[in-house]
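Visitor: the amino acid sequence is not available; the structure is as follows:
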């Protein structure tokens, strides 16, 4: 590459972010960049010589990025992951990141919208408590890292508090839950139950 035509570092970083985060994957991004590709286009800035080609090199970074976000979500949403199982959770993460790609500089914020996303996800057809379980887990994170003087309350018709408490031993909880009481959950997990009318 001609040094005088080399992109500025900020341009290369912007292009790399785009190619690594393209929901279609690196191969499709390189093959058909479309109107979302930043200018200048920078594929020539990535080596394309043995032992790895350009696409393979970029794919390594893209997969590492996905694994990092998936790992963060698995840690933050341990009960959701345990209810779904590893394969289904990985699919959920892929679907979520395609619809709600990270817009935050901190990986800690990546799960902020998972509960809302789950409201329309097919997994919630069979497990309708999943959005509330995800909301409970997110509120637990906010309660842990937030201002300790403030209380968090959550209403749910599902016993997500019991599911969360048994998240490492889910055989104890019937996952095909039928709501019998409306629950107001005060974090950290102080529960007030009211009969549904």
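Guide: Structure received. All figures in this text were calculated on a predicted structure; none of them were measured in a lab.

Visitor: which non-adjacent residue is nearest residue 45?
Guide: Spatial nearest neighbour of residue 45, excluding adjacent residues (C-beta to C-beta, 6 or more residues apart in numbering): residue 12 at 5.5 Å. In short, each C-beta sits where N, CA and C put it, glycine included.

Visitor: and the helix or strand containing that neighbour, average pLDDT?
Guide: Assigned by DSSP states H and E, residue 12 belongs to helix 9-21. Helix 9-21 shows a mean pLDDT of 91.

Visitor: name the surrounding residues that touch the next helix or strand after it.
Guide: The helix or strand immediately downstream of helix 9-21 is helix 26-31, counting by DSSP H and E. Outside helix 26-31, the residues that touch it by C-beta atoms under 8 Å, 6 or more residues apart in numbering are 18, 19, 20, 22, 37, 43, 54, 55, 58, 59, 62.

Visitor: ok, which stretches of the chain are strands?
Guide: Counting by DSSP state E, the chain has these strands, from start to end: 152-156, 181-187, 190-195.

Visitor: now the contacts of helix 26-31: which count as buried?
Guide: Buried by 16 or more other C-beta atoms under 10 Å: 18, 19, 20, 22, 37, 54, 55, 58, 59, 62, out of the contacts of helix 26-31.

Visitor: how much space between the residue nearest to the fifth one when sequence neighbours are not counted and residue 58?
Guide: To tie it back to what came earlier, the one meant is residue 37. Of all residues not flanking residue 37 in the chain, residue 18 sits nearest, at 6.3 Å (C-beta to C-beta, 6+ apart). Residue 18 is 11 Å from residue 58, where distance means C-beta to C-beta, to the nearest Å.

Visitor: can you check residue 8 too?
Guide: Separation of residue 8 from residue 58 (C-beta to C-beta) stands at 19 Å.

Visitor: now stretch 153-162: average pLDDT?
Guide: For stretch 153-162, the mean confidence score works out to 83.

Visitor: buried residues, it. List them.
Guide: In terms of neighbour count (16+ other C-beta under 10 Å), stretch 153-162 has its buried residues at 154, 156, 157, 158, 159, 160, 161, 162.

Visitor: could you tell me which of these belong to helices?
Guide: If you go by DSSP state H, these have 160, 161, 162 in helices.

Visitor: got the domain ranges for the chain?
Guide: What automatic domain parsing lists as the domains of the chain is 1-75, 77-197.
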